[in-house]
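> quick one, what's the 3D model for this:
(one chain, ligands or ions: 1)
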Amino acid sequence: MSTSPFIAARLQLQRTDFELNVDLELPGQGVTALFGPSGCGKTSCLRSLAGLERALGRVAVNEALWQDDASGHWLPTYQRALGYVFQEASLFAHLSVQKNIDYGMKRTPVERRQVSKERAVELLGIGHLMDRMPATLSGGERQRVAIARALATSPQVLLMDEPLAALDAQRKAEVLPYLEQLQRHLQIPIVYVSHSMDEVARLAQHLVLLESGRVVAQGPLTALLSRLDLPLTQGDLASSVIHATVQTHDMVDYLSTLSFDGGQLQLVMARPRPIGSQVQLRVQARDVSLSLTRAEGSSILNILPCQVLDLREDGPGQVMVSLQKGSARLLARITRHSCKALQLQAGKQVFAQIKGMALLD
Ligand SMILES: Nc1ncnc2c1ncn2[C@@H]1O[C@H](COP(=O)(O)OP(=O)(O)OP(=O)(O)O)[C@@H](O)[C@H]1O
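You can find the predicted model right below:
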């Protein structure tokens, strides 16, 4: 990382059948996702950062040293300026929403308060719930209150452990826009545990990929999604993510034009988004085919001139190709036969034909 990391953590945690051994360098803005298969150590890592788990090592956040075992320094969780959101909202059942949030605020000395209660309530859209008791809230509402309570402590960093995991699809869809709001409007970095790539693609800009308690790779999400040496970019489900802005709508054909750093895309949107809104598009590698000349008279809406960055065998008879278009990255999974016929190699100019893409929402 070129600038010094906002969070620098070396953590080692030994359990009978599992060892966490990670070296993390996380940025001071946006959402960093801790991602990997079940049991790889995401929660252990987050809990260790928070001091909820007694890992050995060093944790520095911004100017503050939270832990340094070499010099015998250890701050308990309540002295670390963090907000923690668990899978299941852990609200005080005997206190109203208002009092739950006040409790969060009171933990923070006045001179350290940066997020007002009003701001936390507004960002999570819970103004109308303030007098309600937790037992009367839906799962999604409870989780929004838990996030507001964590925010109201004015943390240096917000740690979230699969905050949507306990919610059904409808509740997830209800809470996700609030998480996006936080990401857009808050200066506070968020470390977010998830094993859902759709969630990660929608929310995160930075990714830490974990496997068996180790960091396999960490860096900007788009860059990692095009690295063909990582498990993320292998197999039938590999996909890339493009961040785009809605430019225009054609209300006759429901066709929206989206711009991204590298060009424009067209997408049929049954429910058009406001002009100027930011969207994330997921493009599956198997939905991208390649040609050396631009196909004429094709039914495919999106054909982008791209440069081949890298290619790698991906299962019997298949090749994964990573492509660059501006700062965006695309993956194409094609047959080895086609790869040879097109004489693909790094640096070659090709046309990527995108047969389908999904709006992440
Ligand atoms: N309190 C504990 N005591 C002993 N072993 C534990 C404890 N908590 C977790 N483990 C083990 O440590 C390993 C890492 O668990 P962890 O919960 O950090 O993984 P994870 O990536 O968050 O998994 P998931 O996605 O399933 O939540 C697993 O092998 C798990 O069984």
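> what helix or strand does A332 sit in?
strand 328-335 (DSSP states H and E).
> same deal with R282?
Using DSSP H and E, R282 sits within strand 278-284.
> other SSEs contacting that strand?
helix 197-203, strand 239-250, strand 358-359 (3 or more Cβ pairs under 8 Å, 6 or more residues apart in numbering; DSSP states H and E). Glycine gets a C-beta too; all of them are placed from N, C-alpha and C.
> verify the stated contact: S44 with L13.
Yes. With contact defined as Cβ atoms under 8 Å, S44 and L13 form a contacting pair (5.9 Å).
> out of the two, which sits in the busier spot?
Taking other Cβ atoms under 10 Å, S44 and L13 do not tie; S44 has more neighbours (24 against 20).
> quick one, what contacts the more buried one?
When contacts are counted by Cβ atoms under 8 Å, 6 or more residues apart in numbering, S44 touches L13, F18, L20, E53, A55, G213.
> any figure for the gap between it and the ligand?
From S44 across to the ligand, the span is 3 Å (Cβ to the nearest ligand atom, to the nearest Å).
> likewise T257?
Taking Cβ to the nearest ligand atom, one finds T257 at 38 Å from the ligand.
> that residue: how many residues sit nearby?
By other Cβ under 10 Å, 16 other residues sit near T257.
> give me the phi and psi for it.
With angles defined as degrees, to the nearest 10, T257 shows backbone torsions of phi -100, psi 130.
> shouldn't it be in contact with Q247?
Yes. Using Cβ under 8 Å, T257 makes contact with Q247 at a distance of 4.6 Å.
> okay, and the common contacts of these two?
Q264.
> now the strands for the stretch 251-361 of the chain?
For the stretch 251-361 of the chain, the strands defined by DSSP state E, counting those that start in this stretch cover 255-260, 263-268, 278-284, 288-291, 302-313, 318-325, 328-335, 349-354, 358-359.
> name the strands paired with the last one and say parallel or antiparallel.
Which is strand 358-359. Sheet pairing of strand 358-359 (DSSP bridges) gives strand 278-284 (antiparallel).
> show the average pLDDT along the strand it pairs with.
For strand 278-284, the mean pLDDT works out to 91.
> repeat that for stretch 25-43.
If you average the pLDDT over stretch 25-43, you get 94.
> intersection of neighbour lists for S44 and L13?
Common contact partners of S44 and L13 (Cβ under 8 Å, 6+ apart): L20, E53, A55, G213.
> got a list of what the last one touches?
Looking back up the chat, that one is G213. Contacts of G213 (Cβ under 8 Å, 6+ apart): L13, F18, E19, L20, N21, V22, C40, G41, S44.
> got JSON lines for these, with distance to L228 and secondary structure too?
Shown next, in JSON lines, are those (distance: Cβ to Cβ, whole Å; DSSP: H, G, I helix; E, B strand; the rest coil):
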{"residue": "L13", "distance to L228": "31", "secondary structure": "strand"}
{"residue": "F18", "distance to L228": "29", "secondary structure": "coil"}
{"residue": "E19", "distance to L228": "28", "secondary structure": "strand"}
{"residue": "L20", "distance to L228": "27", "secondary structure": "strand"}
{"residue": "N21", "distance to L228": "25", "secondary structure": "strand"}
{"residue": "V22", "distance to L228": "23", "secondary structure": "strand"}
{"residue": "C40", "distance to L228": "21", "secondary structure": "coil"}
{"residue": "G41", "distance to L228": "24", "secondary structure": "coil"}
{"residue": "S44", "distance to L228": "29", "secondary structure": "helix"}
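> circling back to that earlier point, and the strand holding A332, what's buried?
For strand 328-335, a neighbour-count test (16 or more other Cβ atoms under 10 Å) marks A328, R329, L330, L331, A332, R333, I334 as buried.
> swap in stretch 148-167?
Buried residues in stretch 148-167, counting neighbours by 16+ other Cβ under 10 Å, are found at 148-164, 166-167.
> E63 and the ligand, how far apart?
Separation of E63 from the ligand (Cβ to the nearest ligand atom) stands at 28 Å.
> repeat for V268
From V268 across to the ligand, the span is 35 Å (Cβ to the nearest ligand atom).
> how many residues are close by that residue?
Per other Cβ under 10 Å, the neighbour tally for V268 reads 12.
> what's the closest non-adjacent residue to it?
The spatially closest residue to V268, leaving aside those adjacent along the chain, is Y254, at 5.2 Å (Cβ to Cβ, 6 or more residues apart in numbering).
> surely that neighbour is in contact with R273?
No. Using Cβ under 8 Å as the test, Y254 is too far from R273 to be in contact (11.9 Å).
> neighbour count winner among those two?
R273 (17 against 13).
> hey, what's the residue nearest to the more buried one when sequence neighbours are not counted bridged with?
In this structure, R273 finds its nearest non-sequential neighbour in V246, 4.9 Å apart by Cβ to Cβ, 6+ apart. When assigned by DSSP bridges, V246 has beta-bridge partners L258.
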